[in-house]
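[1] got a structure for you, letters missing:
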């Protein structure tokens, strides 16, 4: 029920079944594409447990969505920035926490409506990004020598 103040009463809207699974998959995709977090984990800016900290970070954000009645991107942005600073000693000034928060809130709202279009876009962008970021071997002058999975043995 909506009160005159604009406050909503009643149960917290819940995701279930495929919507919940899709939301969790989408959150994983968003976090895997967040450059600041990826660099923090790869470079262990949060120490040797950086990968575990990133997993807990995702769990905390999922919990944030599951326990709160209303989801505002600016509140989430602060949570994201604070966690990066506390757990990984990363102070982001590139606006990425705001972008990530907006994506997460949009994804959650779409999943509540059983609208899979946002998740499909994330999946497509993730697949495209993975193909585009295929590692390659580059010599010292920057010339591409081929992908790193190819064998250099020509029988010589």
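    Perfect, I can see it now. As the structure is a computational prediction, the values presented were derived from the model and not from experiment. Residues are numbered from 1 along each chain as shown.
[2] how about the helix or strand where residue 29 lies: buried residues?
    According to DSSP states H and E, residue 29 maps onto helix 17-32. By 16 or more other C-beta atoms under 10 Å, the buried positions in helix 17-32 come out as 19, 22-27, 29-32. (Glycine included, C-beta is placed from N, CA and C.)
[3] which one in those is the model shakiest on?
    pLDDT across the buried residues of helix 17-32 is lowest for residue 19, at 92.
[4] Find the nearest non-adjacent residue to it, please.
    residue 111 (4.5 Å; C-beta to C-beta, 6 or more residues apart in numbering).
[5] I'd like the distance between that neighbour and residue 53.
    Per C-beta to C-beta, to the nearest Å, residue 111 is found 25 Å from residue 53.
[6] So between the two, which is more surrounded?
    More crowded of residue 111 and residue 53, by other C-beta atoms under 10 Å: residue 111, with 24 against 19.
[7] Just the element for the more buried one, please.
    Per DSSP H and E: residue 111 is located in helix 96-112.
[8] Specify the next element, helix or strand, located C-terminal of that helix.
    Downstream of helix 96-112, the next assigned helix or strand under DSSP H and E is helix 117-132.
[9] Which positions in that next one come out as buried?
    Here helix 117-132 shows 118-119, 121-122, 126 as buried, counting by 16+ other C-beta under 10 Å.
[10] same check, this time on stretch 81-101
    The neighbour-count check on stretch 81-101 (16+ other C-beta under 10 Å) flags 81, 83-84, 87-88, 90, 92, 96-98, 100-101 as buried.
[11] swap in stretch 31-43?
    Within stretch 31-43, the residues scored as buried using 16+ other C-beta under 10 Å are 31-34, 36-37, 40-41.
[12] now stretch 50-65
    Judged by neighbour count (16+ other C-beta under 10 Å), stretch 50-65 contains these buried residues: 50, 53-54, 57-58, 61-62, 64-65.
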